[in-house]
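1. all I have is the shape, not the residue letters:
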DNA sequence: GCCCGAAGATTCGCATAGGATTCCGAAATG
DNA sequence: CATTTCGGAATCCTATGCGAATCTTCGGGC
(Lines give C-alpha, C1' and ligand atoms only; values in the text may rest on other atoms or scores of the structure.)
Protein backbone atom coordinates (compact mmCIF):
# COMPACT_ATOMS: atom_id res chain seq x y z
CA UNK A 1 0.00 0.00 0.00
CA UNK A 2 2.29 2.71 1.18
CA UNK A 3 5.44 2.03 -0.71
CA UNK A 4 8.06 4.78 -0.77
CA UNK A 5 10.95 5.03 1.64
CA UNK A 6 10.58 4.16 5.30
CA UNK A 7 11.31 7.60 6.68
CA UNK A 8 8.34 9.03 4.85
CA UNK A 9 5.97 6.90 6.80
CA UNK A 10 6.16 9.16 9.81
CA UNK A 11 3.52 11.63 8.80
CA UNK A 12 2.26 12.75 12.18
CA UNK A 13 5.06 15.02 13.32
CA UNK A 14 3.18 16.64 16.14
CA UNK A 15 -0.02 15.01 17.14
CA UNK A 16 -2.39 17.28 19.00
CA UNK A 17 -1.27 16.68 22.52
CA UNK A 18 -3.74 17.84 25.07
CA UNK A 19 -1.38 20.50 26.34
CA UNK A 20 -1.13 22.00 22.84
CA UNK A 21 -4.87 22.08 22.43
CA UNK A 22 -5.29 23.71 25.81
CA UNK A 23 -2.64 26.24 24.93
CA UNK A 24 -4.45 27.16 21.73
CA UNK A 25 -7.78 27.26 23.53
CA UNK A 26 -6.58 29.68 26.19
CA UNK A 27 -4.83 31.73 23.55
CA UNK A 28 -8.09 32.06 21.67
CA UNK A 29 -9.86 33.16 24.81
CA UNK A 30 -7.30 35.91 25.28
CA UNK A 31 -7.07 37.03 21.68
CA UNK A 32 -10.79 37.08 21.19
CA UNK A 33 -11.15 39.12 24.33
CA UNK A 34 -13.44 36.60 25.96
CA UNK A 35 -11.84 37.33 29.32
CA UNK A 36 -11.50 40.84 30.58
CA UNK A 37 -8.11 42.26 31.49
CA UNK A 38 -6.94 41.65 35.00
CA UNK A 39 -9.36 38.88 35.74
CA UNK A 40 -8.00 35.72 37.32
CA UNK A 41 -7.35 32.60 35.29
CA UNK A 42 -8.10 29.79 37.67
CA UNK A 43 -6.21 26.60 36.91
CA UNK A 44 -8.97 24.35 38.15
CA UNK A 45 -11.58 26.51 36.48
CA UNK A 46 -9.89 26.21 33.10
CA UNK A 47 -9.40 22.51 33.65
CA UNK A 48 -13.10 22.00 34.26
CA UNK A 49 -13.99 24.30 31.38
CA UNK A 50 -11.97 22.21 28.93
CA UNK A 51 -12.75 18.91 30.64
CA UNK A 52 -9.13 18.08 31.34
CA UNK A 53 -6.99 17.78 34.42
CA UNK A 54 -4.92 20.59 35.84
CA UNK A 55 -1.59 19.25 34.57
CA UNK A 56 -1.85 20.31 30.91
CA UNK A 57 -3.44 23.58 31.99
CA UNK A 58 -0.48 24.40 34.19
CA UNK A 59 1.92 23.65 31.39
CA UNK A 60 0.01 25.75 28.90
CA UNK A 61 -0.10 28.70 31.29
CA UNK A 62 3.63 28.39 31.89
CA UNK A 63 4.17 28.89 28.17
CA UNK A 64 1.71 31.75 27.94
CA UNK A 65 3.47 33.55 30.76
CA UNK A 66 6.50 34.21 28.57
CA UNK A 67 4.29 35.94 26.01
CA UNK A 68 3.33 38.62 28.50
CA UNK A 69 -0.35 37.93 28.02
CA UNK A 70 -0.79 36.34 31.42
CA UNK A 71 1.04 36.93 34.64
CA UNK A 72 1.76 34.54 37.46
CA UNK A 73 1.88 35.36 41.13
CA UNK A 74 3.29 32.62 43.30
CA UNK A 75 0.62 30.82 45.30
CA UNK A 76 -1.97 33.22 43.95
CA UNK A 77 -2.47 31.92 40.47
CA UNK A 78 -2.49 33.40 37.02
CA UNK A 79 -4.21 36.56 35.85
CA UNK A 80 -4.82 38.11 32.48
CA UNK A 81 -2.32 40.90 31.95
CA UNK A 82 -3.68 44.24 33.15
CA UNK A 83 -5.05 46.95 30.93
CA UNK A 84 -2.23 48.67 29.08
CA UNK A 85 -1.61 52.29 29.84
CA UNK A 86 -0.89 54.97 27.29
CA UNK A 87 2.80 54.69 28.06
CA UNK A 88 2.59 50.94 27.48
CA UNK A 89 1.18 51.61 24.03
CA UNK A 90 3.94 54.06 23.31
CA UNK A 91 6.58 51.61 24.52
CA UNK A 92 5.18 48.83 22.40
CA UNK A 93 5.17 51.01 19.31
CA UNK A 94 8.73 52.04 20.03
CA UNK A 95 9.79 48.42 20.10
CA UNK A 96 7.91 47.72 16.89
CA UNK A 97 9.55 50.69 15.25
CA UNK A 98 12.93 49.23 16.09
CA UNK A 99 12.17 45.72 14.96
CA UNK A 100 9.80 45.87 12.05
CA UNK A 101 11.41 48.38 9.69
CA UNK A 102 14.71 46.54 10.08
CA UNK A 103 12.99 43.25 9.34
CA UNK A 104 11.30 44.79 6.33
CA UNK A 105 14.68 45.88 5.09
CA UNK A 106 15.99 42.33 5.18
CA UNK A 107 12.78 40.88 3.81
CA UNK A 108 12.87 43.20 0.82
CA UNK A 109 16.36 41.97 0.11
CA UNK A 110 15.09 38.39 0.23
CA UNK A 111 12.05 39.19 -1.85
CA UNK A 112 10.55 36.21 -3.64
CA UNK A 113 7.42 35.68 -5.69
CA UNK A 114 6.01 33.53 -2.91
CA UNK A 115 6.50 36.26 -0.33
CA UNK A 116 4.80 38.83 -2.50
CA UNK A 117 1.96 36.44 -3.23
CA UNK A 118 1.44 35.76 0.46
CA UNK A 119 1.46 39.44 1.36
CA UNK A 120 -0.98 40.24 -1.42
CA UNK A 121 -3.21 37.46 -0.17
CA UNK A 122 -3.28 38.86 3.36
CA UNK A 123 -3.87 42.28 1.88
CA UNK A 124 -6.92 41.03 0.02
CA UNK A 125 -8.14 39.48 3.28
CA UNK A 126 -7.76 42.82 4.97
CA UNK A 127 -9.77 44.65 2.35
CA UNK A 128 -12.42 41.95 2.26
CA UNK A 129 -12.89 42.02 6.02
CA UNK A 130 -13.19 45.77 5.91
CA UNK A 131 -16.19 45.43 3.66
CA UNK A 132 -17.58 42.66 5.85
CA UNK A 133 -19.35 45.03 8.19
CA UNK A 134 -18.98 45.65 11.87
CA UNK A 135 -19.63 42.17 13.14
CA UNK A 136 -17.24 40.61 15.60
CA UNK A 137 -16.27 38.04 12.99
CA UNK A 138 -15.40 40.92 10.73
CA UNK A 139 -13.14 42.46 13.32
CA UNK A 140 -11.47 39.15 13.93
CA UNK A 141 -10.77 38.62 10.26
CA UNK A 142 -9.36 42.14 10.06
CA UNK A 143 -7.00 41.60 12.98
CA UNK A 144 -5.96 38.22 11.71
CA UNK A 145 -5.11 39.61 8.27
CA UNK A 146 -3.09 42.40 9.81
CA UNK A 147 -1.29 39.99 12.10
CA UNK A 148 -0.52 37.61 9.23
CA UNK A 149 0.86 40.46 7.14
CA UNK A 150 3.28 41.69 9.75
CA UNK A 151 4.36 38.23 10.84
CA UNK A 152 4.97 37.12 7.28
CA UNK A 153 7.43 39.94 6.78
CA UNK A 154 9.36 38.96 9.86
CA UNK A 155 9.38 35.34 8.73
CA UNK A 156 10.78 36.47 5.40
CA UNK A 157 13.95 37.60 7.12
CA UNK A 158 14.72 33.88 7.45
CA UNK A 159 16.23 34.70 10.82
CA UNK A 160 15.14 32.52 13.71
CA UNK A 161 16.15 35.09 16.30
CA UNK A 162 14.34 38.02 14.80
CA UNK A 163 11.27 35.83 14.60
CA UNK A 164 11.74 34.85 18.22
CA UNK A 165 12.11 38.47 19.31
CA UNK A 166 9.05 39.49 17.36
CA UNK A 167 7.04 36.55 18.69
CA UNK A 168 7.87 37.71 22.19
CA UNK A 169 5.86 40.88 21.66
CA UNK A 170 3.36 39.61 19.11
CA UNK A 171 0.83 38.67 21.74
CA UNK A 172 0.91 42.17 23.14
CA UNK A 173 0.51 43.61 19.68
CA UNK A 174 -2.58 41.55 19.18
CA UNK A 175 -4.01 42.43 22.56
CA UNK A 176 -3.51 46.10 21.88
CA UNK A 177 -5.32 45.77 18.59
CA UNK A 178 -8.32 44.84 20.67
CA UNK A 179 -8.09 47.91 22.82
CA UNK A 180 -7.35 50.44 20.16
CA UNK A 181 -10.18 48.93 18.18
CA UNK A 182 -9.00 50.63 15.06
CA UNK A 183 -12.08 51.69 13.23
CA UNK A 184 -11.71 49.97 9.93
CA UNK A 185 -13.45 52.78 8.15
CA UNK A 186 -10.27 54.76 7.74
CA UNK A 187 -8.29 52.82 5.20
CA UNK A 188 -4.88 54.10 6.26
CA UNK A 189 -3.77 50.59 6.95
CA UNK A 190 -4.69 49.44 3.48
CA UNK A 191 -2.77 52.23 1.82
CA UNK A 192 0.28 51.83 4.02
CA UNK A 193 0.39 48.07 3.56
CA UNK A 194 0.13 48.54 -0.17
CA UNK A 195 3.15 50.82 -0.15
CA UNK A 196 5.12 48.18 1.74
CA UNK A 197 4.11 45.48 -0.71
CA UNK A 198 5.05 47.62 -3.68
CA UNK A 199 8.51 48.27 -2.32
CA UNK A 200 9.10 44.61 -1.49
CA UNK A 201 7.82 43.60 -4.89
CA UNK A 202 10.31 46.01 -6.44
CA UNK A 203 13.05 44.58 -4.28
CA UNK A 204 13.77 48.04 -2.90
CA UNK A 205 14.85 47.64 0.74
CA UNK A 206 15.30 51.33 1.47
CA UNK A 207 11.82 52.26 0.30
CA UNK A 208 10.30 49.25 2.03
CA UNK A 209 11.97 50.16 5.30
CA UNK A 210 10.72 53.72 5.08
CA UNK A 211 7.23 52.50 4.26
CA UNK A 212 7.11 50.23 7.30
CA UNK A 213 8.45 52.98 9.49
CA UNK A 214 5.79 55.33 8.22
CA UNK A 215 3.14 52.67 8.76
CA UNK A 216 4.02 52.19 12.41
CA UNK A 217 4.28 55.92 12.86
CA UNK A 218 0.77 56.09 11.46
CA UNK A 219 -0.44 53.49 13.93
CA UNK A 220 1.11 55.55 16.70
CA UNK A 221 -0.55 58.78 15.75
CA UNK A 222 -3.92 57.15 15.16
CA UNK A 223 -3.72 55.22 18.46
CA UNK A 224 -2.73 58.18 20.55
CA UNK A 225 -5.27 60.44 18.94
CA UNK A 226 -7.97 58.13 20.20
CA UNK A 227 -6.54 58.43 23.70
CA UNK A 228 -9.21 56.27 25.17
CA UNK A 229 -6.77 54.96 27.71
CA UNK A 230 -6.00 56.06 31.19
CA UNK A 231 -3.01 58.30 31.23
CA UNK A 232 0.32 56.70 31.95
CA UNK A 233 1.01 55.41 35.41
CA UNK B 1 6.14 47.68 64.79
CA UNK B 2 5.54 47.91 61.12
CA UNK B 3 3.17 50.76 60.94
CA UNK B 4 2.61 52.31 57.53
CA UNK B 5 -0.24 51.43 55.23
CA UNK B 6 -1.69 47.94 55.14
CA UNK B 7 -0.77 47.20 51.54
CA UNK B 8 2.91 47.50 52.35
CA UNK B 9 2.76 44.53 54.66
CA UNK B 10 2.96 42.06 51.80
CA UNK B 11 6.70 41.70 51.61
CA UNK B 12 7.11 38.24 50.18
CA UNK B 13 6.34 38.84 46.52
CA UNK B 14 7.61 35.55 45.18
CA UNK B 15 8.66 32.81 47.50
CA UNK B 16 10.95 30.20 45.99
CA UNK B 17 8.45 27.79 44.54
CA UNK B 18 9.90 24.47 43.54
CA UNK B 19 9.25 25.11 39.89
CA UNK B 20 11.33 28.29 40.03
CA UNK B 21 14.21 26.50 41.66
CA UNK B 22 14.06 23.73 39.09
CA UNK B 23 13.95 26.30 36.32
CA UNK B 24 17.09 27.95 37.61
CA UNK B 25 18.79 24.62 38.13
CA UNK B 26 18.18 23.47 34.57
CA UNK B 27 19.18 26.89 33.30
CA UNK B 28 22.47 26.58 35.13
CA UNK B 29 23.07 23.19 33.61
CA UNK B 30 22.58 24.66 30.16
CA UNK B 31 24.52 27.86 30.66
CA UNK B 32 27.44 26.13 32.31
CA UNK B 33 27.52 23.70 29.45
CA UNK B 34 27.12 20.71 31.69
CA UNK B 35 25.00 19.03 29.05
CA UNK B 36 26.20 18.68 25.49
CA UNK B 37 24.17 20.11 22.64
CA UNK B 38 21.55 17.87 21.18
CA UNK B 39 21.44 15.47 24.08
CA UNK B 40 18.04 14.53 25.45
CA UNK B 41 16.65 16.09 28.60
CA UNK B 42 14.67 13.34 30.21
CA UNK B 43 11.85 14.57 32.38
CA UNK B 44 12.04 11.67 34.78
CA UNK B 45 15.81 11.86 34.79
CA UNK B 46 15.81 15.51 35.78
CA UNK B 47 13.12 14.81 38.36
CA UNK B 48 15.25 12.15 40.00
CA UNK B 49 18.36 14.28 39.72
CA UNK B 50 16.73 17.13 41.61
CA UNK B 51 14.72 14.86 43.90
CA UNK B 52 11.39 16.27 42.80
CA UNK B 53 8.44 14.95 40.88
CA UNK B 54 7.90 15.41 37.18
CA UNK B 55 5.29 18.13 37.57
CA UNK B 56 7.60 21.08 38.34
CA UNK B 57 10.15 19.76 35.85
CA UNK B 58 7.58 19.80 33.07
CA UNK B 59 6.56 23.33 33.93
CA UNK B 60 10.15 24.54 34.00
CA UNK B 61 10.90 22.94 30.64
CA UNK B 62 7.80 24.54 29.14
CA UNK B 63 9.19 27.92 30.10
CA UNK B 64 12.65 27.09 28.85
CA UNK B 65 11.25 26.08 25.49
CA UNK B 66 10.32 29.66 24.70
CA UNK B 67 13.92 30.73 25.24
CA UNK B 68 15.10 28.55 22.39
CA UNK B 69 17.57 26.75 24.60
CA UNK B 70 15.62 23.50 24.61
CA UNK B 71 13.31 22.03 22.04
CA UNK B 72 10.30 19.84 22.50
CA UNK B 73 9.10 17.07 20.22
CA UNK B 74 5.67 15.76 21.07
CA UNK B 75 5.78 12.36 22.72
CA UNK B 76 9.53 12.28 22.29
CA UNK B 77 10.66 14.60 25.00
CA UNK B 78 12.91 17.61 25.28
CA UNK B 79 16.40 18.02 23.88
CA UNK B 80 19.09 20.60 24.29
CA UNK B 81 19.06 22.86 21.25
CA UNK B 82 21.44 21.63 18.56
CA UNK B 83 24.85 23.05 17.88
CA UNK B 84 24.54 26.40 16.14
CA UNK B 85 25.85 26.67 12.62
CA UNK B 86 27.88 29.55 11.27
CA UNK B 87 24.75 30.96 9.68
CA UNK B 88 23.00 30.76 13.05
CA UNK B 89 25.77 32.84 14.56
CA UNK B 90 25.45 35.36 11.78
CA UNK B 91 21.69 35.52 12.18
CA UNK B 92 21.97 36.02 15.92
CA UNK B 93 24.44 38.85 15.48
CA UNK B 94 22.16 40.44 12.92
CA UNK B 95 19.32 40.42 15.40
CA UNK B 96 21.56 41.85 18.10
CA UNK B 97 22.71 44.57 15.74
CA UNK B 98 19.11 45.57 15.22
CA UNK B 99 18.11 45.52 18.85
CA UNK B 100 21.06 46.56 20.93
CA UNK B 101 22.26 49.77 19.28
CA UNK B 102 18.68 51.02 19.28
CA UNK B 103 18.35 50.15 22.95
CA UNK B 104 21.64 51.87 23.68
CA UNK B 105 20.32 54.95 21.98
CA UNK B 106 17.32 55.07 24.29
CA UNK B 107 19.36 54.15 27.34
CA UNK B 108 21.80 56.99 26.71
CA UNK B 109 18.86 59.34 26.61
CA UNK B 110 17.69 57.99 29.97
CA UNK B 111 21.16 58.07 31.43
CA UNK B 112 21.27 58.22 35.22
CA UNK B 113 24.03 58.02 37.77
CA UNK B 114 22.73 54.66 38.88
CA UNK B 115 22.91 53.26 35.37
CA UNK B 116 26.45 54.45 34.89
CA UNK B 117 27.44 53.07 38.27
CA UNK B 118 25.97 49.67 37.44
CA UNK B 119 27.69 49.52 34.08
CA UNK B 120 31.01 50.51 35.59
CA UNK B 121 30.55 47.82 38.20
CA UNK B 122 29.99 45.15 35.58
CA UNK B 123 32.94 46.53 33.68
CA UNK B 124 35.16 46.10 36.69
CA UNK B 125 33.88 42.54 37.05
CA UNK B 126 34.84 41.90 33.46
CA UNK B 127 38.35 43.17 33.91
CA UNK B 128 38.78 41.33 37.20
CA UNK B 129 37.67 38.03 35.70
CA UNK B 130 40.07 38.54 32.82
CA UNK B 131 42.91 38.62 35.28
CA UNK B 132 41.53 35.63 37.13
CA UNK B 133 43.20 33.12 34.87
CA UNK B 134 41.82 30.43 32.65
CA UNK B 135 39.82 28.51 35.19
CA UNK B 136 36.26 27.61 34.43
CA UNK B 137 35.10 29.85 37.24
CA UNK B 138 36.99 32.65 35.55
CA UNK B 139 35.19 32.05 32.28
CA UNK B 140 31.88 31.98 34.03
CA UNK B 141 32.52 35.28 35.76
CA UNK B 142 33.57 36.77 32.45
CA UNK B 143 30.40 35.65 30.69
CA UNK B 144 28.25 36.75 33.55
CA UNK B 145 29.77 40.22 33.58
CA UNK B 146 29.30 40.55 29.84
CA UNK B 147 25.71 39.36 30.09
CA UNK B 148 24.96 41.75 32.93
CA UNK B 149 26.39 44.65 31.00
CA UNK B 150 24.31 44.09 27.90
CA UNK B 151 21.15 43.29 29.81
CA UNK B 152 21.49 46.35 32.00
CA UNK B 153 21.51 48.59 28.95
CA UNK B 154 18.33 47.02 27.65
CA UNK B 155 16.72 47.41 31.05
CA UNK B 156 17.67 51.06 31.02
CA UNK B 157 15.34 51.64 28.09
CA UNK B 158 12.55 51.25 30.65
CA UNK B 159 10.59 49.50 27.94
CA UNK B 160 9.00 46.20 28.89
CA UNK B 161 8.69 45.08 25.30
CA UNK B 162 12.25 45.71 24.29
CA UNK B 163 13.29 43.79 27.36
CA UNK B 164 10.98 40.98 26.42
CA UNK B 165 12.31 40.85 22.88
CA UNK B 166 15.88 40.87 24.11
CA UNK B 167 15.15 38.21 26.69
CA UNK B 168 13.81 36.01 23.92
CA UNK B 169 17.27 35.79 22.38
CA UNK B 170 19.36 36.26 25.50
CA UNK B 171 19.60 32.54 26.15
CA UNK B 172 20.97 31.99 22.68
CA UNK B 173 23.46 34.79 23.16
CA UNK B 174 24.73 33.14 26.29
CA UNK B 175 24.92 29.72 24.67
CA UNK B 176 26.91 31.14 21.80
CA UNK B 177 29.33 32.71 24.21
CA UNK B 178 30.15 29.18 25.28
CA UNK B 179 30.87 28.05 21.74
CA UNK B 180 32.84 31.02 20.55
CA UNK B 181 34.82 30.78 23.75
CA UNK B 182 36.19 34.21 23.28
CA UNK B 183 39.73 34.13 24.44
CA UNK B 184 39.79 36.76 27.10
CA UNK B 185 43.37 37.62 26.27
CA UNK B 186 42.33 40.06 23.59
CA UNK B 187 40.80 42.95 25.46
CA UNK B 188 38.63 44.17 22.60
CA UNK B 189 35.55 43.72 24.72
CA UNK B 190 36.95 45.84 27.52
CA UNK B 191 37.81 48.69 25.20
CA UNK B 192 34.51 48.57 23.38
CA UNK B 193 32.47 48.44 26.55
CA UNK B 194 34.41 51.38 27.89
CA UNK B 195 33.51 53.41 24.84
CA UNK B 196 29.85 52.60 25.37
CA UNK B 197 30.01 53.60 29.02
CA UNK B 198 31.74 56.86 28.19
CA UNK B 199 29.06 57.83 25.69
CA UNK B 200 26.23 56.92 28.06
CA UNK B 201 27.92 58.80 30.86
CA UNK B 202 28.12 61.83 28.60
CA UNK B 203 24.47 61.42 27.71
CA UNK B 204 25.36 61.24 24.04
CA UNK B 205 22.93 58.84 22.35
CA UNK B 206 24.40 59.06 18.87
CA UNK B 207 27.89 58.19 20.01
CA UNK B 208 26.60 55.47 22.32
CA UNK B 209 24.62 53.91 19.51
CA UNK B 210 27.62 53.92 17.22
CA UNK B 211 29.78 52.42 19.94
CA UNK B 212 27.38 49.55 20.52
CA UNK B 213 27.09 48.96 16.81
CA UNK B 214 30.84 48.83 16.51
CA UNK B 215 31.04 46.48 19.49
CA UNK B 216 28.68 43.96 17.96
CA UNK B 217 30.42 44.30 14.64
CA UNK B 218 33.62 43.49 16.51
CA UNK B 219 32.02 40.40 18.02
CA UNK B 220 30.95 39.35 14.55
CA UNK B 221 34.39 39.67 13.00
CA UNK B 222 36.10 37.98 15.91
CA UNK B 223 33.58 35.14 15.96
CA UNK B 224 33.69 34.45 12.26
CA UNK B 225 37.45 34.67 12.12
CA UNK B 226 37.57 31.78 14.54
CA UNK B 227 35.36 29.80 12.17
CA UNK B 228 35.43 26.79 14.40
CA UNK B 229 31.92 25.90 13.42
CA UNK B 230 30.63 23.66 10.70
CA UNK B 231 29.68 25.64 7.67
CA UNK B 232 26.08 26.67 7.36
CA UNK B 233 23.51 24.00 6.65
C1' DG C 1 -20.27 52.05 63.50
C1' DC C 2 -15.64 50.38 62.29
C1' DC C 3 -11.78 47.43 62.78
C1' DC C 4 -9.84 43.13 63.92
C1' DG C 5 -9.57 38.03 64.12
C1' DA C 6 -10.77 33.18 63.35
C1' DA C 7 -13.02 29.15 60.95
C1' DG C 8 -14.54 27.26 56.51
C1' DA C 9 -14.11 27.09 51.59
C1' DT C 10 -11.37 27.67 47.62
C1' DT C 11 -7.24 27.33 45.07
C1' DC C 12 -2.49 26.47 44.32
C1' DG C 13 1.68 23.36 44.40
C1' DC C 14 3.56 19.00 44.26
C1' DA C 15 3.71 13.90 44.43
C1' DT C 16 2.11 9.68 42.73
C1' DA C 17 -0.17 6.32 39.57
C1' DG C 18 -1.79 4.47 35.37
C1' DG C 19 -2.43 4.28 30.31
C1' DA C 20 -0.26 5.31 25.71
C1' DT C 21 3.57 5.79 22.79
C1' DT C 22 8.22 5.37 21.37
C1' DC C 23 12.67 3.17 21.44
C1' DC C 24 15.77 -0.75 21.39
C1' DG C 25 17.23 -5.30 20.68
C1' DA C 26 16.47 -10.15 19.54
C1' DA C 27 14.36 -13.61 16.84
C1' DA C 28 12.33 -15.04 12.51
C1' DT C 29 12.00 -14.95 7.54
C1' DG C 30 13.30 -14.34 2.56
C1' DC D 1 23.38 -11.60 5.12
C1' DA D 2 19.76 -8.10 4.98
C1' DT D 3 15.13 -7.03 6.25
C1' DT D 4 11.14 -7.37 8.95
C1' DT D 5 8.54 -8.38 13.03
C1' DC D 6 7.72 -8.62 17.68
C1' DG D 7 8.22 -8.06 22.69
C1' DG D 8 10.08 -5.66 26.73
C1' DA D 9 11.92 -1.51 28.74
C1' DA D 10 11.95 3.27 29.05
C1' DT D 11 9.66 7.57 28.53
C1' DC D 12 6.07 10.71 27.88
C1' DC D 13 1.31 12.40 28.84
C1' DT D 14 -2.68 12.83 31.69
C1' DA D 15 -5.53 12.09 35.81
C1' DT D 16 -6.12 12.07 40.68
C1' DG D 17 -5.07 12.95 45.66
C1' DC D 18 -3.36 15.51 49.50
C1' DG D 19 -0.96 19.08 52.20
C1' DA D 20 -0.36 24.11 52.37
C1' DA D 21 -1.36 28.76 51.50
C1' DT D 22 -4.80 32.19 50.38
C1' DC D 23 -9.29 34.24 50.17
C1' DT D 24 -13.96 34.81 52.14
C1' DT D 25 -17.28 35.17 55.52
C1' DC D 26 -18.91 35.87 59.93
C1' DG D 27 -18.73 37.04 64.73
C1' DG D 28 -16.66 39.72 68.67
C1' DG D 29 -14.36 43.76 70.69
C1' DC D 30 -13.28 48.81 71.05
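-> Looks like it came in fine. Fair warning: this is a prediction, and the values are worked out from it, not measured in the lab. Numbering: from 1, shown residues only, chains lettered A, B, ... in the order given.

2. next, the buried residues of the one helix or strand residue A:102 maps to.
-> Secondary structure assigned from DSSP states H and E places residue A:102 in helix A:86-109. Residues of helix A:86-109 classed as buried: A:86, A:88-108 (neighbour count, 16 or more other CB atoms under 10 Å in any protein chain shown). C-betas here are computed from N, CA, C, even on glycine.

3. who touches the following helix or strand past it?
-> Using DSSP H and E, the helix or strand that directly follows helix A:86-109 along the chain is helix A:113-130. The contact list for helix A:113-130 (CB atoms under 8 Å, 6 or more residues apart in numbering or on different chains) reads A:107, A:138-139, A:141-142, A:144-146, A:148-149, A:152-153, A:156, A:184, A:187, A:189-190, A:193-194, A:196-197, A:200-201.

4. residue ranges in chain A under the pLDDT threshold?
-> A:1-15, A:133-134, A:181-186, A:226-233 (pLDDT under 70).

5. now with 90, please.
-> A:1-16, A:31-34, A:83, A:129-143, A:175-187, A:222-233 (pLDDT under 90).

6. tell me where it has strands.
-> Along chain A, counting by DSSP state E, strands occupy A:40-41, A:70-73, A:77-80.

7. what about the last one, distance to the chain center?
-> So that's strand A:77-80. If you compare the mean C-alpha spot of strand A:77-80 with that of the full chain, they lie 21 Å apart, counting by CA atoms, centre = their mean, to the nearest Å.

8. adjacent strands (with direction) for it?
-> Strand pairing for strand A:77-80, determined by DSSP bridges: strand A:40-41 (antiparallel), strand A:70-73 (antiparallel).

9. what's in contact with the first one?
-> I take that to be strand A:40-41. With CB under 8 Å, 6+ apart as the test, strand A:40-41 has contacts from A:26, A:35, A:61, A:70, A:77, A:78, A:79, A:80.

10. only whichever of those residues are buried, select them in ChimeraX.
-> Those of those that count as buried under 16+ other CB under 10 Å are selected in ChimeraX with:
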select /A:26,61,70,77,78,79,80
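
11. looking at the contacts of strand A:40-41, spot the one nearest DNA strand D.
-> Among the contacts of strand A:40-41, residue A:77 lies closest to DNA strand D (CB to the nearest atom of the strand), at 8.4 Å.

12. around chain B, which positions in chain A sit nearby?
-> Residues of chain A lying close to chain B by CB under 8 Å from any CB of the partner chain are A:13-15, A:17, A:20, A:55, A:58-60, A:62-63, A:65-68, A:73-75, A:88, A:91-92, A:94-95, A:98-99, A:102-103, A:106, A:158-162, A:164-169, A:172.

13. okay, and the beta partners of the closest residue to residue A:39 other than its chain neighbours?
-> Nearest non-adjacent residue to residue A:39, counting by CB to CB, 6 or more residues apart in numbering or on different chains: residue A:80, 5.4 Å away. Taking DSSP bridges, one obtains residue A:70 as the residues bridged to residue A:80.

14. residue contacts, residue A:80?
-> Counting by CB under 8 Å, 6+ apart, residue A:80 has contacts A:30, A:35, A:36, A:37, A:38, A:39, A:40, A:41, A:69, A:70.

15. do residue A:92 as well
-> Residue A:92 neighbours (CB under 8 Å, 6+ apart): A:84, A:169, A:172, A:173, A:176, B:161.

16. surely the fifth one touches residue A:84?
-> Same thing as residue A:176. Yes. The criterion here is CB atoms under 8 Å, and residue A:176 meets it with residue A:84 at 6.1 Å.

17. neighbours of residue A:117, how many?
-> Per other CB atoms under 10 Å in any protein chain shown, the neighbour tally for residue A:117 reads 9.

18. taking chain A, what residue is nearest to DNA strand D?
-> Residue nearest to DNA strand D within chain A: residue A:18 (2.5 Å; CB to the nearest atom of the strand).

19. count residues in the vicinity of that residue, would you?
-> Counted with other CB under 10 Å, residue A:18 comes out at 15.

20. what does chain A put close to DNA strand D?
-> Within chain A, the residues that sit near DNA strand D (CB under 7 Å from any atom of the strand) are A:6, A:17-19, A:51-56, A:59, A:75-76.

21. which residues touch residue A:208?
-> Counted by CB under 8 Å, 6+ apart, residue A:208 has contacts A:104, A:105, A:107, A:108, A:196, A:199, A:200.

22. wait, what's in contact with the last one?
-> With contact set as CB under 8 Å, 6+ apart, residue A:200 has these partners: A:104, A:107, A:108, A:111, A:115, A:116, A:119, A:153, A:208.

23. do the first one as well
-> Neighbouring residues of residue A:104 by CB under 8 Å, 6+ apart: A:153, A:196, A:200, A:205, A:208, A:209, A:211, A:212.

24. and residue A:116, how many neighbours does it have?
-> When neighbours are counted by other CB under 10 Å, residue A:116 comes out with 17.

25. would you mind measuring from the residue nearest to residue A:65 when sequence neighbours are not counted to residue A:188?
-> Counting by CB to CB, 6+ apart, residue A:65 lies nearest to residue A:72, which is 5.3 Å off, once chain neighbours are set aside. Note on residue A:72: its distance to residue A:188, by CB to CB, to the nearest Å, is 37 Å.

26. between the two, which one's more packed in?
-> Per other CB under 10 Å, whichever of residue A:72 and residue A:188 has more neighbours is residue A:72, with 18 against 13.

27. so residue A:141 makes contact with residue A:135?
-> No. The pair residue A:141 / residue A:135 is not scored as a contact, 9.3 Å apart, by CB under 8 Å.

28. so between those two, which is more surrounded?
-> For residue A:141 versus residue A:135, neighbours defined as other CB under 10 Å are more numerous around residue A:141 (17 against 10).

29. ok, now which ones touch the more buried one?
-> Taking CB under 8 Å, 6+ apart as the criterion, residue A:141 is in contact with A:125, A:128, A:129, A:132.

30. quick revisit: contacts only, for the residue nearest to residue A:65.
-> Residue A:72 is in contact with A:61, A:65, A:78, counting by CB under 8 Å, 6+ apart.

31. which residue is the nearest non-sequential neighbour of the first one?
-> Beyond its immediate neighbours in the sequence, the residue positioned closest to residue A:61 (CB to CB, 6+ apart) is residue A:78, lying 5.1 Å away.

32. for residue A:137, grab the count of nearby residues.
-> Residue A:137: 10 neighbours (other CB under 10 Å).

33. in chain A, which spans are helices?
-> A:18-31, A:43-50, A:54-65, A:86-109, A:113-130, A:136-155, A:160-180, A:188-201, A:205-226 (DSSP state H).
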